[in-house]
Structure formats: C-alpha cells, structure tokens
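need a structure here:
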Amino acid sequence: MHDCPPFQPIYMRSKTSGFSLIELLVVIAIMAILAGVVAINVMDKPGKAKIIAAKTQIRILQTAVQVYRTEQGRIPTLEQGLRALVEKTAIPPLPERFPQDGYIEGVTVPRDPWGNEYIYVAPGRSGASFEIISYGSDGEPGGSEDAIDLSSAELGT
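Numbering: from 1, shown residues only. Sure thing, here's the model as predicted:
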C-alpha cells in the first residue's frame, strides 16, 4: 500500500536531530576563544583606536560646519566656535534658519577621545576657511603616537 513509516511517538524517535551538549560546548568554547583574541588585539592598541575615533569625530564636525555653511551662507565665526553647531548662537552674525536639532546630534559639542575640547580655527592655519584640531592625548601642540596632533586640514574632506 503505502511506503510511509509507521507513526512513532516522540519518545521513540531518533535522537540524531539537533545538537548534542558536547557540540554546543565546543561551539561556545570556539566563540570564547575568538572573542578573547579580538579583545586582546583591541585592548593592545587603545591609543590607535582613540586616534581613529578622533579622526572620525573631526570628519563629522567638519561635515557639520560645511552643512552650516551651505544653509547659512558662511561658517561659524571664531567667536561662535563649534558651539554654533548645537545651539543657535547669540553672537553676531546670527543664523537666519537654525534647525531645531542643530547640525550635530546632542546638546553639547563632543570632546575628543582623551576628554579635551576640539579646537576650532577660522580661518584655518593652512589657508582653509576653517580647521578643527585635536592635540591628542597630551592636549598640547606637537607630539607623536597617541599624543599626535590631528587636523581636519590633514584629513581632507
């Protein structure tokens, strides 16, 4: 008649489907080893990670200043600074149309990864209309490794 296997209750079915406890433990162990390797590599280079984060923040601030320029017809003045990206400034020249949420997320200008304020220079030191600078871990001009100076002029657009 039919070639169908006879009905079997659950307790009589084969236990070959699914994963065994040993297989799950092996997978968990492999994932733990990989997570450890990644953590060691990241923790071994915290200075480099902070430099990458600072470069990313500088690019975000640079883009926000460029959007400000597009909407307002000019960049924030040196006196207005980067603060003009998060709140409507009371320092002339006043922006005509300021977005409700500002030009960057948050209510304050972010600090660099070392906790220092970004330096805004208008005009920039190398002839650009503006420049955004982080002095790195030491917060002072000059330096190397994680104390290196980072500038929007050097990062490009």
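
just the buried positions in the helix of greatest length in the chain, please.
With secondary structure taken from DSSP state H, the chain has its longest helix at helix 46-72. Using 16 or more other Cβ atoms under 10 Å as the test for burial, helix 46-72 gives 47, 50-51, 54-55, 57-58, 60-62, 64-65, 68, 72. Every residue, glycine included, has its C-beta placed from N, CA and C.

lowest-scoring secondary structure element of this structure by mean pLDDT?
Here the helix or strand of the chain ranked lowest by mean pLDDT, DSSP states H and E is helix 21-43, holding a mean of 70.

ok, back up a step: centre of the chain versus the longest helix of the chain, how much separation?
Mean C-alpha position of helix 46-72 versus that of the full chain (Cα atoms, centre = their mean, to the nearest Å) differs by 9 Å.

which stretches of this protein aren't confidently modelled?
Where the chain drops to pLDDT under 70, the residues are 1-19, 21, 23-24, 37-46, 156-157.

returning to that earlier point: widest-spaced pair of the buried residues of helix 46-72?
Greatest spacing in the buried residues of helix 46-72, by Cβ to Cβ: 47 and 72 (36.8 Å).

and residue 140, how many neighbours?
Residue 140: 11 surrounding residues under other Cβ atoms under 10 Å.

sorry, slip of the keys, the one I care about is residue 143.
That count, for residue 143 with other Cβ under 10 Å as the rule, works out to 14.

chain neighbours aside, what residue packs nearest to residue 62?
residue 152 (4.5 Å; Cβ to Cβ, 6 or more residues apart in numbering).

ok, residue 36 to residue 29 distance?
Distance from residue 36 to residue 29, counting by Cβ to Cβ, to the nearest Å: 11 Å.

what about residue 150, distance to residue 143?
In terms of Cβ to Cβ, residue 150 sits 10 Å off from residue 143.
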